[in-house]
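K.L.:
Build the 3D model from these lines:
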Amino acid sequence: MKAGALEDDEVAVGAAQTASKRFEDALAGRAMTCHITLLGVPALGDVKVRLGFNVLEPPSQPGFTTELHYGDLESVQRGELTAQDLFLGGKLKMEGDYSLALQIAMQLLTNPL
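P.N.:
Okay, here's the model as predicted:
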């Protein structure tokens, strides 16, 4: 994909739908719940996002939690770090049963678009 392609609304929506469908297929109906805490978000501080896939509502008690500094997320967005760099470098902290998340991540990474 050429640089700036996602600035086109049609391309961005198509990419999101493709990624969402691949993720949905990888989950295969299994429930996955997590809380993601993004640390040090400018003007907001620490932000917690509750996510639930194949559940009726976002979880109050997640299957796993993850924590990431905003600056590290920006580094990924700029292409300076990869998701693997975050995980292997200890920048992405995870607790709980995140085995399904890792399994799906590996499946999606080994079968790129």
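
K.L.:
Beyond the host helix or strand of R22, next helix or strand please.
P.N.:
In the assignment (DSSP states H and E), R22 maps to helix 9-27. Where DSSP H and E defines the elements, the next helix or strand beyond helix 9-27 is strand 32-41.

K.L.:
That next one pairs with which strands, and in what direction?
P.N.:
strand 45-53 (antiparallel), strand 64-69 (parallel) (DSSP bridges).

K.L.:
which residues are contacting that strand?
P.N.:
Here strand 32-41 makes contact (C-beta atoms under 8 Å, 6 or more residues apart in numbering) with 46-55, 58-59, 62-71, 73, 96, 98, 100-101, 104. C-betas here are computed from N, CA, C, even on glycine.

K.L.:
now the residues you listed: which count as buried?
P.N.:
In these, burial by neighbour count holds for 52-53, 59, 62-70, 73, 98, 100-101, 104, counting by 16 or more other C-beta atoms under 10 Å.

K.L.:
Please report how far L51 lies from L88.
P.N.:
23 Å (C-beta to C-beta, to the nearest Å).

K.L.:
now G89: how far from M32?
P.N.:
From G89 over to M32 (counting by C-beta to C-beta), the distance is 24 Å.

K.L.:
Show me which of those two is the more surrounded one.
P.N.:
Legend: neighbour count by other C-beta atoms under 10 Å for G89 and M32, higher for M32 (21 against 11).
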